[in-house]
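> give me a model of this one.
(chains A, B, C, D, E and F)
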There are 4 protein chains.
Amino acid sequence: MEAIIQAAAQLLTDIGFEGLTTARVAERAGVSVGSLYQYFPNKQGLAAALVDHHAEKFSAAFSQTVEASGHGTLAETVEAMIEVAMAAHPQDPKLYRALNELAPRYRAEKVQEVGSRIAAIIKEQLARHRHEIAPDLDLGDAAALIEILLENVIHRAIERHPVSVSGERAMDQCRRMIMAYLTSGQRHAA
Amino acid sequence: MEAIIQAAAQLLTDIGFEGLTTARVAERAGVSVGSLYQYFPNKQGLAAALVDHHAEKFSAAFSQTVEASGHGTLAETVEAMIEVAMAAHPQDPKLYRALNELAPRYRAEKVQEVGSRIAAIIKEQLARHRHEIAPDLDLGDAAALIEILLENVIHRAIERHPVSVSGERAMDQCRRMIMAYLTSGQRHAA
Amino acid sequence: MEAIIQAAAQLLTDIGFEGLTTARVAERAGVSVGSLYQYFPNKQGLAAALVDHHAEKFSAAFSQTVEASGHGTLAETVEAMIEVAMAAHPQDPKLYRALNELAPRYRAEKVQEVGSRIAAIIKEQLARHRHEIAPDLDLGDAAALIEILLENVIHRAIERHPVSVSGERAMDQCRRMIMAYLTSGQRHAA
Amino acid sequence: MEAIIQAAAQLLTDIGFEGLTTARVAERAGVSVGSLYQYFPNKQGLAAALVDHHAEKFSAAFSQTVEASGHGTLAETVEAMIEVAMAAHPQDPKLYRALNELAPRYRAEKVQEVGSRIAAIIKEQLARHRHEIAPDLDLGDAAALIEILLENVIHRAIERHPVSVSGERAMDQCRRMIMAYLTSGQRHAA
DNA sequence: GATGAATGAGTTTTCATTCAT
DNA sequence: TATGAATGAAAACTCATTCAT
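Sure thing, here's the model as predicted:
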């Protein structure tokens, strides 16, 4: 039931993972607990479905937008990736936080899978600009690093962590770091 | 009681946070539940103490080693920071994961505080090499970004996430990214 | 659940309030603890329901009988009130005692409310015989005093307190006191 | 230890019987729990001592004052008894309430004993005025009834029960009832 | 004697899950 | 298929009491 997942997400936003009980989810969804168990094998299953739902949502948004906007220069592509990554995350910090609590616990593989997907998309984009990128740079490594950076700069921003460069500046710095990394030669190796 | 924290860490490693009950911690520590509650106000308090313990351990290791090794070039300093960050994390993935589950839930402020501390240390080191760094780069922003990158590249490595550049290569890339970022000029701005 | 209240009353009679645990009540009622908590918010709620149950029972018995038998002389009416007050109390001293322990703790308002109700009924009866009562006597004051006297003479009788006039004599004296009070003039004022 | 009983009484006043733990009593008394158990066999013993302490205090105050002031008329004697009964009760409603919770639970016999003592004193006083009292009245019965009335009118007043005649009026009515009872002949018998 | 850390049985309460209707 | 009352294992936490120092 779609409604059940919606209800779970709402409750996650409203009261967090602590108070998320099957009874409350069912009530909010307007069905009985019994019905909930008709659609999900157990609470873990519900949590997994919820994580999957949002992971897919993010993944789809990211891939669509990045692929759609993929015609400009390398700089423009990087810019686009940063923007869509920001936009595609749940903007409500409470929901974001709760999902981050759920995800590694109930759906570690999914998290990895989506991470891989995002990295693959980034790699594809980088490949389209191979000539602008330092030739000795492995695109897989680069994509991985960029994915990590993107995800976690955004994480900090959403959590309003004091150690973060906020808003616009954060994105500027992020872009700068990525561009410098992609275009610099080997000269800095130890 | 030191023994209780040790027991809690052990259980965290062995069975994860799910099964962490006050009774089990007390049993493992060889004391009674009552004694546990004599030293910690409640379960949260125990979790917080556990998080603090490891956070302090990491923070101390990082600051000591970085400050001790602070005499070389910028590249050497960055190298040192990467190495110590890697070395100072709990190497057991299970314990690492469990602490990462506990930390934001029971000790969000501590997490932020330690993050700030690490960033401050990084900034100090960067300041010592101001002349080697692009003059238009804000050192605070740079330190924040480096801290995020370091923490999460290591996170991925410990979690054996497929989207990560493992071991040596990861560190190479990380260093490359940081060095490129620090030494490149503005030319890449959009 | 009616059965749960019955079980609680039984346990109160058998083992007193000290050993009254939710688990035991549930067991005695033949249901699970979970069911108990489906019907009562917590232990206090159960205690309150129990007190209310008996308070209402007493209140109803008193008001019905007194109002039904309200046709005789003042002396007969007083007689009736004494008799019904005696008859309507829980006759098992253990239950009576336990309820008296519970009532002020968990349902002070209810106790007062029922007291007020009884007093109001008494006042009504007195009003019906206004001409037989000393004209300078405030009927509200008189009803209050009579209610206190009735309740506590019965209390002593049930508790088998040595300072009490037992059984028939107690009632005789009680009636005598009430009648003397109601019909005497002011002459005794200090 | 006198200090322990004082501490228990204070805690009873401050936080009620619910939160009265041996540890808190010991702390408030400035001794260790161990010492508490040196002077009292267990918690019940402490409670019993506390009840006894206050019961004796009341009993002594009542008997002394009544016996001291026993020279006037019957009306004056009754007046004196009412006054001293009021004055000798713990005036803090919280302490009064808490003691009333403790007394029947831990010291039923003491309660009865003190009741008997008070009744005996009253009877003695009545005997001194035998000629003013209806000759067919049993002085034991009369003392018992008066004791009940006194105790519970005061009880209501302290509890601020709505069914009570407050302050001065309460005492006036009480006196009137007692005097009417003592001096009226049999004529009111049913 | 005095101390107070240690004990652990016992309480209340929650909540995922089942199953008769 | 949907319901939701019933279940009961499990958890957190308390506190009277002991006893080694």
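> got any ranges where chain A has weak pLDDT?
A:70, A:162-167, A:185-190 (pLDDT under 70).
> outline the domain layout of it.
Split into domains by automatic domain parsing, chain A comes to A:1-40, A:51-188.
> which of these sits most buried?
Mean neighbour counts were compared across these using mean count of other CB atoms under 10 Å in any protein chain shown; the top stretch is domain A:51-188, at a mean of 18. All C-beta atoms are positioned from the backbone trio N, CA, C, and that covers glycine.
> out of the domains of chain A, which gets nearest to D:Tyr39?
domain A:1-40 (45.6 Å; CB to CB).
> what about the residue nearest to A:Pro90 when sequence neighbours are not counted, which helix or strand?
What sits nearest to A:Pro90 in space, not counting adjacent residues and going by CB to CB, 6 or more residues apart in numbering or on different chains, is A:Tyr96, at 4.7 Å. Counting by DSSP states H and E, the element that carries A:Tyr96 is helix A:93-106.
> what's in contact with that helix?
The contact list for helix A:93-106, computed with CB atoms under 8 Å, 6 or more residues apart in numbering or on different chains, reads A:9, A:12-14, A:16-17, A:44, A:47-48, A:50-51, A:54-55, A:89-90, A:110-111, A:155, A:158-160, B:97, B:100-101, B:104-105.
> looking at the residues you listed, which are in helices?
Judged by DSSP state H, helices contain the following of these: A:9, A:12-14, A:44, A:47-48, A:50-51, A:54-55, A:110-111, A:155, A:158-159, B:97, B:100-101, B:104-105.
> how close does the residue nearest to A:Pro90 sit to B:His89?
Note on A:Tyr96: its distance to B:His89, by CB to CB, to the nearest Å, is 24 Å.
> what of A:Val66?
Where B:His89 is concerned, A:Val66 sits at a distance of 32 Å (CB to CB).
> how about the residues of chain A by DNA strand E?
By the rule CB under 7 Å from any atom of the strand, the part of chain A lying against DNA strand E is A:19-23, A:33-34, A:37, A:42-44.
> need the max-distance pair from the residues you listed.
A:Gly19 and A:Gly34 (21.0 Å).
> residue contacts, the residue of chain A at minimum distance from DNA strand F?
As assessed by CB to the nearest atom of the strand, DNA strand F sits closest to A:Gly34 within chain A, at 2.2 Å. Listed by CB under 8 Å, 6+ apart, A:Gly34 has no contact partners.
> secondary structure class of it, three-state.
helix (DSSP: H, G, I helix; E, B strand; the rest coil).
> got the contact list for stretch A:156-176?
Contacts of stretch A:156-176 (CB under 8 Å, 6+ apart): A:75, A:78-79, A:82-83, A:86, A:89, A:91, A:93, A:96-97, A:149-150, A:153, A:155, B:112, B:115-116, B:118-119, B:138, B:140-142, B:144-145, B:147-148, B:181, B:184, B:186, B:188-190.
> tilt between the helix or strand where A:Lys57 lies and helix A:93-106?
Using DSSP H and E, A:Lys57 sits within helix A:43-68. Angle, helix A:43-68 to helix A:93-106, by axes from the mean of the first three to the mean of the last three CA atoms, to 10 degrees: 110 degrees.
> which other helices and strands contact helix A:43-68?
Counting contacts by 3 or more CB pairs under 8 Å, 6 or more residues apart in numbering or on different chains; DSSP states H and E, helix A:43-68 packs against helix A:2-15, helix A:22-29, helix A:74-88, helix A:93-106, helix A:108-128.
> ok, A:Leu137 to DNA strand E distance?
Shown here: A:Leu137 relative to DNA strand E, a distance of 47 Å by CB to the nearest atom of the strand, to the nearest Å.
> and the angle for the strand or helix carrying A:Ala170 with helix A:108-128?
A:Ala170 belongs to helix A:167-183 when elements are defined using DSSP H and E. If you take the same axes, to 10 degrees, helix A:167-183 sits at 60 degrees to helix A:108-128.
> how much does helix A:167-183 deviate in direction from helix A:74-88?
140 degrees.
> quick one: helix A:167-183 to chain centroid distance?
18 Å (CA atoms, centre = their mean, to the nearest Å).
> stretch A:19-36 too?
27 Å.
> now that stretch - C-alpha only, PDB.
This file holds the C-alpha atoms of stretch A:19-36, laid out as PDB (Å, rounded to 0.1, in the frame of the first residue of the first chain):
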ATOM      1  CA  GLY A  19       8.100   6.600  18.100                       C
ATOM      2  CA  LEU A  20       7.500   4.900  14.900                       C
ATOM      3  CA  THR A  21       5.200   2.000  15.700                       C
ATOM      4  CA  THR A  22       3.300  -0.200  13.400                       C
ATOM      5  CA  ALA A  23       0.000   0.700  15.100                       C
ATOM      6  CA  ARG A  24       0.600   4.400  14.600                       C
ATOM      7  CA  VAL A  25       1.600   4.000  11.000                       C
ATOM      8  CA  ALA A  26      -1.500   2.000  10.300                       C
ATOM      9  CA  GLU A  27      -3.700   4.500  12.000                       C
ATOM     10  CA  ARG A  28      -2.200   7.400  10.100                       C
ATOM     11  CA  ALA A  29      -2.600   5.500   6.900                       C
ATOM     12  CA  GLY A  30      -6.200   4.900   7.700                       C
ATOM     13  CA  VAL A  31      -6.000   1.100   7.700                       C
ATOM     14  CA  SER A  32      -5.700  -1.500  10.400                       C
ATOM     15  CA  VAL A  33      -2.500  -3.100  11.700                       C
ATOM     16  CA  GLY A  34      -3.600  -6.300  10.100                       C
ATOM     17  CA  SER A  35      -3.700  -4.700   6.700                       C
ATOM     18  CA  LEU A  36      -0.200  -3.300   7.200                       C
END
